[in-house]
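> only geometry, no sequence info:
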């Protein structure tokens with residue numbers, strides 16, 4: 001059949017797993033130094049039992065996460081990446097109202113409520129510094145809002161909201177609506193324990209914290225994420241998911257092996273910081289700036305250059321980055337991949353800027 005021939009041709013031309021040789025994939029905030037050696041060994045072992053459902057390994061990871069965060073396992077829900085449980089969280093919230101967020105945040109999963117015509121995302125006005133205005137957000141909570149969503153550090157800006165201010169906001173706001181804090185990049189930050197809002201869940205506030213193994217742990221393709229919330233909240237959200245049936249043995253094994261691998265995480269953070277310095281220096285040398293990032297990506301101000309045009313020009317140099325977010329037409333996000341790939345971005349930058357000027 002024709003489609004089979006096309007598929008075979010694509011397989012010959014494009015690797016099934018990861019980017020093609022010579023291509024700098026800097027568009028999805030992945031950690032290409034993962035999986036760690038410990039994770040790879042666990043994946044191999046778990047794959048030998050791939051014929052069995054993942055109930056036991058899911059319970060083991062759930063217990064590990066609960067123990068580290070000082071809660072019972074009933075406070076933890078695991079899904080295929082954090083995307084699965086975040087989408088379920090959004091749909092659950094939409095049953096009683098709208099979702100409030102800043103103008104610019106990682107809204108992919110919350111958009112499900114608009115796509116299904118269940119509820120809508122209410123966005124704050126633009127902020128000049130692209131920060132999250134917590135005072136404005138609190139003022140915007142009315143009876144139509146069922147959940148407030150904050151991504152910290154934010155994506156695509158990379159900006160970290162001050163944890164003291166965020167904690168005070170969450171305590172106050174959670175009296176009026178559920179507060180979801182997406183901490184996908186928490187472990188990438190300089191002070192993960194200081195930046196997290198998990199203590200608010202332990203203290204009984206109506207707060208949900210989301211995490212993922214896709215970023216610092218280098219397991220984006222293995223699809224494991226989770227939320228921490230009150231057991232009643234976990235139960236309600238679970239009605240819109242499929243539990244452990246959405247999980248896989250290899251991904252869970254990798255997550256279990258990676259969860260306490262401090263050596264790998266420290267090495268990854270060091271590479272990310274080095275990559276960020278390379279990009280900041282290159283931007284400065286070419287008359288551009290980037291927002292201060294506490295993540296594995298930088299949001300660069302291109303001035304008058306269109307971000308989609310910039311993206312297409314960089315792709316011709318075998319450098320893959322993101323294009324326009326919403327109507328932020330002159331802002332471009334670049335991820336910190338392998339250092340040799342970051343160097344490709346640095347080398348291509350002056351050439352592309354010259355072409356587009």
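Looks like it arrived, so ask away. For clarity, every value in this text was computed on a predicted model and none was experimentally measured. Residues are numbered from 1 along each chain as shown.
> buried residues in the helix or strand containing residue 39?
Take DSSP states H and E as the rule and residue 39 turns out to sit in helix 37-47. Under the neighbour-count criterion of 16 or more other C-beta atoms under 10 Å, helix 37-47 has 38-39, 42-43, 46 buried. Every residue, glycine included, has its C-beta placed from N, CA and C.
> for those residues, which one is nearest residue 227?
Using C-beta to C-beta, residue 39 is the member of these that sits closest to residue 227, with 21.8 Å.
> with adjacent residues omitted, what lies nearest to that closest one?
With sequence-adjacent residues excluded and distances taken as C-beta to C-beta, 6 or more residues apart in numbering, residue 39 is closest to residue 254, at 4.0 Å.
> what about that neighbour, which SS state?
Secondary structure, DSSP: H, G, I helix; E, B strand; the rest coil: residue 254 is helix.
> ok, it touching residue 224?
Yes - Residue 254 is within contact range of residue 224, at 7.3 Å (criterion: C-beta atoms under 8 Å).
> list residues touching both of those two?
Shared contacts of residue 254 and residue 224 (C-beta atoms under 8 Å, 6 or more residues apart in numbering): residue 213.
> which neighbouring elements make contact with the helix holding residue 39?
helix 249-258 (3 or more C-beta pairs under 8 Å, 6 or more residues apart in numbering; DSSP states H and E).
> which elements pack onto the helix it packs on?
Secondary elements touching helix 249-258 (3+ C-beta pairs under 8 Å, 6+ apart): helix 37-47, helix 55-69.
> possible to save these as JSON lines with mean pLDDT and distance to residue 339?
Shown next, in JSON lines, are these (pLDDT from 0 to 100; distance: least, C-beta to C-beta, whole Å):
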{"stretch": "helix 37-47", "mean pLDDT": "97", "distance to residue 339": "19"}
{"stretch": "helix 55-69", "mean pLDDT": "97", "distance to residue 339": "30"}
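> and these: which comes nearest residue 306?
Per C-beta to C-beta, nearest to residue 306 of the helices and strands packed on helix 249-258: helix 37-47, 39.4 Å.
> quick one: that closest one to helix 249-258, angle?
Helix 37-47 runs at 150 degrees relative to helix 249-258, counting by axes from the mean of the first three to the mean of the last three C-alpha atoms, to 10 degrees.
> cool, thanks, signing off.
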